[in-house]
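In: no FASTA, just this:
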């Protein structure tokens, strides 16, 4: 049986790394600079999470050129309205093949008064 102290010692990022989906937090910049990305990103893109976190790979560069303008416009619109976005677009996998992505997200809330980053 787990105690409260055992449960409270589980780090959220460890739990997120167990998911097959991609969970991320990035800056709203031209490169989609990653502040956090779980290990699911390697399955999707062919690149390990560390490459995004170290800025050796930019997620924005993987978005298919034919979809980039629409993806940017839809996300910008959602951020301006402070609403959720849900978009489908193509990325170029590390092996050169095209993959479809269905992405849903919204802008992260501001950090709490305690200085903890949003989750």
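Out: It's in. Fair warning: this is a prediction, and the values are worked out from it, not measured in the lab.
In: what's the spacing between the residue nearest to the spatial centre of the chain and residue 50?
Out: Geometric centre of the chain, nearest residue: residue 24, 2.5 Å, by C-alpha atoms, centre = their mean. Here residue 24 is placed at a distance of 13 Å from residue 50 (C-beta to C-beta, to the nearest Å). Every C-beta, even on glycine, is put in place using the N, C-alpha and C of the backbone.
In: all strands of the chain, in order?
Out: Here the chain has its strands, by DSSP state E, at 24-26, 34-37, 85-92, 98-105.
In: tell me the most buried of those strands?
Out: Comparing those by mean neighbour count (mean count of other C-beta atoms under 10 Å), strand 34-37 comes out on top with a mean of 19.
In: what residues does the longest helix belonging to the chain touch?
Out: The longest helix of the chain (DSSP state H) is helix 68-81. The contact list for helix 68-81 (C-beta atoms under 8 Å, 6 or more residues apart in numbering) reads 28, 60, 63, 84, 85, 87, 89, 106, 107.
In: now with 6 Å, please.
Out: Helix 68-81 is contacted by residues 63, 85, 87, 89, 107 when judged by C-beta atoms under 6 Å, 6 or more residues apart in numbering.
In: low-confidence ranges in this structure?
Out: When residues are selected by pLDDT under 70, those of the chain lie in 1-20, 111-119.
In: ok, now with 50
Out: Within the chain, the ranges that satisfy pLDDT under 50 run 116-119.
In: centre of the chain versus stretch 80-88, how much separation?
Out: Offset of stretch 80-88 from its chain centre (C-alpha atoms, centre = their mean, to the nearest Å): 14 Å.
In: end to end, how far does it reach?
Out: 20 Å (C-alpha to C-alpha, to the nearest Å).
In: and if you look at stretch 80-90?
Out: Distance between the boundary residues of stretch 80-90 (C-alpha to C-alpha) amounts to 24 Å.
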